[in-house]
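>>> Give me the fold of what follows.
(one chain, ligands or ions: 1)
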Amino acid sequence: MKKILTLVAALLTFAVVYAESVQTVIIPRPMEANSAKGSYTISPKSVVAVTDAALVRSAELFAEYVAKDLGATLAVEQNEKGGIVLSLDKSLSKEEYTLTISSKGVQIVGGTPAAVFYGLQSLRQLISAGEVVKKGIKLAGVEIKDKPLVGHRGVMLDVARHFFTVAEVKRFIDIAAIHKMNVFHWHLTDDQGWRVEIKKYPNLVKVGSKRKETIIGRNSISNTYDGTPHGGYYTQEEIKDIVKYAAERYIEVIPEIDMPGHMVATLASYPHLGCRDEKFEVRTRWGISKDVLCVGKESTFEFVEGVLDEVFSLFPSKYIHLGGDECPRARWKECPHCQKRIQEEGLKNEDELQSYFMHRVEKMLAKHNRKMIGWDEIIYGGINKSATIMLWNDRNRAKAISLGNDVILSPKYFCYIDYYQTKRPYSNKEGLMFKERILTLRKAYSLNPFEGLQPSEYGRIRGVQTNLWTEYIADFERVQIKTLPRLAATAEAGWTIGEKNFDDFARRLEHLRRLYDKCGIRYATYFFDGVDEIE
Ligand code: TNX
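A predicted model of the protein is given here:
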């Protein structure tokens, strides 16, 4: 008898387990998706009911998202009765939600409004892939429990090398939102253009936002230019509008004001900020410039503080990205002001001079209760524990992690989507790229944020991020084709808890691709056409 009972118990367990896990179409893959009884048909008459005023905007956005699928914009009501009910439950963590579909309807419960928004993004994908029936879209019963692996899931857009309009930036944010990304890192300044209005320093946009022409072809070999001015900037009003737009989609905008290198547009606007008394032009080539901010002069720090004061008022983010990357030391070595600073401060060398600079600027952030993010080069002359390292160079990985600082992973061979996405870029017409580097979808998908780390070190990895540098990307169609579908792969690397499986991802991507199509979003088809991995 006992044996039989054990057998029955085992069979039951098997049946339950078997019934539980279901294949889902959602990207990034949820933590758990279990089958549930029944189904529900969402019709144009379905109501989105919210139990909390904080959820109204998300419900409205959702109604817009699925309007095409349903042929109508769903009504949003503030009560507890609707085909789709959204509510909050503080016992769930910040970004955790459950999504239940049964014959009674759809229920999304989130730890915060952001989490409910993620649940709606999942539902949007389910609807897009759902069965079209007479009355609307039929969804199979399911119980989803979901939360992300890491807290910072970022995507960066470089608007300095090429300018993109407010409308385009918003569309980029929409794309990020589909993938449950929660940070938009906005690379606003570089040698080739300054893009944010700073009222105290009007030349930054008057002079710094325009370059007279742009190099044609690869930087390392070309000496021809297109003869066409390129420029653009965002007014403070436009910036605030974008920050609000992103916030409604639970995306925080982290601005990057790259310093003390990558500053030629600034030097063109205010030449006294450089080490030598000379005039500069907004840079028309790519690559790294030797001309950087002078760290010896006090006026440099006054300038930086003046800029940051306005940046603080535009961007409520806890973090401000200060760049700190690729800053050659050549000018500092010859500059009497910089050398004097090194002596007076008892610094060992120019690496420590950069640290001195970063520390001083970090203090300006701290005064306003903000924290600094910098590219991994900030570790060279020593950094404070409070700084977050954005890791893009593999060579600095071990050192950065050993320091114990917070780290955001953006390793270039996994996360730099300006790289070619096919192994045979020329026959696949990918256009030019900064260097001969390849990042296929499969490679992007293979990023494991905790690889090689001890479990005790996992907590140092605050997040993952995809970066789009735009030296060779001048229009928004190319922005999208570069970004997708690789962003989907990084999104899953940052979100999905548990084993990942590329083939299953590829299956789900077929559905996501249909959603892109419906939204008029462009994406690269190399992977779908089976040509991305051909050597
Ligand atoms: C490195 S990543 C850069 C960018 C370039 C990019 C091109 C980083 C901090 N600096 O300035 O645009 O490579 O791939």
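
>>> Just the CA coordinates for stretch 364-383, please, in PDB.
Presented in PDB, the C-alpha positions along stretch 364-383 are these (Å, rounded to 0.1, in the frame of the first residue of the first chain):
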ATOM      1  CA  MET A 364      30.200  68.500  -6.600                       C
ATOM      2  CA  LEU A 365      27.800  65.600  -7.200                       C
ATOM      3  CA  ALA A 366      27.700  64.500  -3.600                       C
ATOM      4  CA  LYS A 367      26.800  68.000  -2.500                       C
ATOM      5  CA  HIS A 368      23.600  67.500  -4.400                       C
ATOM      6  CA  ASN A 369      23.100  64.000  -3.300                       C
ATOM      7  CA  ARG A 370      24.100  62.500  -6.600                       C
ATOM      8  CA  LYS A 371      26.500  59.700  -7.300                       C
ATOM      9  CA  MET A 372      29.000  59.300 -10.000                       C
ATOM     10  CA  ILE A 373      29.300  56.700 -12.800                       C
ATOM     11  CA  GLY A 374      32.500  56.700 -14.800                       C
ATOM     12  CA  TRP A 375      34.000  54.400 -17.600                       C
ATOM     13  CA  ASP A 376      36.500  51.900 -16.300                       C
ATOM     14  CA  GLU A 377      39.500  54.200 -17.000                       C
ATOM     15  CA  ILE A 378      38.600  56.100 -13.800                       C
ATOM     16  CA  ILE A 379      40.300  53.300 -11.800                       C
ATOM     17  CA  TYR A 380      43.800  54.100 -13.100                       C
ATOM     18  CA  GLY A 381      44.800  56.800 -10.600                       C
ATOM     19  CA  GLY A 382      42.600  55.500  -7.700                       C
ATOM     20  CA  ILE A 383      38.900  56.000  -7.100                       C
END
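
>>> Report the beta-bridge partners for the residue positioned nearest the centre of the chain.
Central residue of the chain (CA atoms, centre = their mean): Val155, 1.4 Å from the mean position. Counting by DSSP bridges, Val155 is bridged to Phe184, Thr466.

>>> Tell me how far it lies from Ile215.
Applying CB to CB, to the nearest Å, one obtains 26 Å for the distance of Val155 from Ile215. C-beta here means a position set from N, CA and C on the backbone, and glycine is covered the same way.

>>> residues touching the residue of the stretch 1-150 of the chain found nearest the ligand, list them.
Taking CB to the nearest ligand atom as the measure, the stretch 1-150 of the chain has Val150 as its residue closest to the ligand, at 19.8 Å. Under the criterion of CB atoms under 8 Å, 6 or more residues apart in numbering, the contact list for Val150 reads Pro449, Ile461, Arg462, Gly463, Val464, Gly494, Trp495.

>>> That one should be in a helix, yeah?
No: the assignment for Val150, made by DSSP: H, G, I helix; E, B strand; the rest coil, is coil rather than a helix.

>>> Return the distance of it relative to Pro44.
When distance is defined by CB to CB, Val150 is 38 Å away from Pro44.

>>> hey, C-alpha coordinates of stretch 61-81 in CSV?
Taking C-alpha atoms only, stretch 61-81 is exported to CSV below (Å, rounded to 0.1, in the frame of the first residue of the first chain):
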residue,chain,number,x,y,z
LEU,A,61,-0.1,53.6,-22.4
PHE,A,62,-1.0,49.9,-22.5
ALA,A,63,-4.3,50.7,-24.1
GLU,A,64,-2.4,52.6,-26.8
TYR,A,65,0.1,49.7,-27.2
VAL,A,66,-2.6,47.1,-28.0
ALA,A,67,-5.0,49.4,-29.9
LYS,A,68,-3.8,48.0,-33.2
ASP,A,69,-4.2,44.4,-32.1
LEU,A,70,-7.7,45.0,-30.8
GLY,A,71,-8.9,47.6,-33.3
ALA,A,72,-9.9,49.9,-30.4
THR,A,73,-8.4,51.8,-27.5
LEU,A,74,-9.5,50.1,-24.3
ALA,A,75,-11.2,52.1,-21.6
VAL,A,76,-9.3,52.8,-18.4
GLU,A,77,-11.3,53.0,-15.1
GLN,A,78,-10.3,53.5,-11.6
ASN,A,79,-12.0,50.6,-9.8
GLU,A,80,-11.5,46.9,-9.3
LYS,A,81,-13.8,45.5,-11.9
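
>>> can you pull the buried residues of that stretch?
Leu61, Phe62, Ala63, Tyr65, Val66, Asp69, Leu70, Leu74, Val76 (16 or more other CB atoms under 10 Å).

>>> With stretch 193-211 instead?
Of the residues in stretch 193-211, those with enough neighbours to count as buried (16+ other CB under 10 Å) are 193-198, 201, 204-205, 207-211.

>>> Keep only those of those that are in strands.
Counting by DSSP state E, the members of the buried residues of stretch 193-211 that fall within strands are Gly193, Trp194, Lys210, Arg211.

>>> you'd agree the second one is up against Tyr233?
Meaning Trp194. Yes: with contact defined as CB atoms under 8 Å, Trp194 and Tyr233 form a contacting pair (7.0 Å).

>>> Need the overlap of contacts for these two.
Taking CB under 8 Å, 6+ apart as the contact rule, Trp194 and Tyr233 both touch Val205, Ser209.

>>> What's the separation between the residue nearest to the centre of the chain and the ligand?
According to CB to the nearest ligand atom, to the nearest Å, Val155 and the ligand sit 14 Å apart.

>>> Please apply the same query to Met181.
18 Å.

>>> Spatially nearest residue to that residue, not counting backbone neighbours?
Arg153 (4.7 Å; CB to CB, 6 or more residues apart in numbering).

>>> what secondary structure does that neighbour sit in?
Of the three states, Arg153 takes strand according to three-state DSSP.

>>> Likewise for Val307?
Secondary structure assignment for Val307 (three-state DSSP): helix.

>>> lowest-pLDDT helix or strand in this structure?
The helix or strand of the chain with the lowest confidence, counting by mean pLDDT, DSSP states H and E, is helix 2-20 at a mean of 53.

>>> Could you list which of the contacts of Val150 belong to helices?
With helices taken from DSSP state H, the overlap with the contacts of Val150 comprises Gly494, Trp495.

>>> now, among the contacts of Val150, which is nearest to the ligand?
Each of the contacts of Val150 was checked against the ligand using CB to the nearest ligand atom; the closest is Val464, at 14.8 Å.

>>> which ones are touching that closest one?
Applying CB under 8 Å, 6+ apart as the definition, the contact partners of Val464 turn out to be 150, 152-154, 408-410, 415, 447, 449, 490, 493-494.

>>> between the residues you listed, which is nearest Ile438?
Each of the contacts of Val464 was scored against Ile438 by CB to CB, and Cys415 proved nearest at 13.3 Å.

>>> For the stretch 301-450 of the chain, just list every one of the strands.
In the stretch 301-450 of the chain, the strands defined using DSSP state E, counting those that start in this stretch lie at 319-323, 371-375, 388-391, 407-409.
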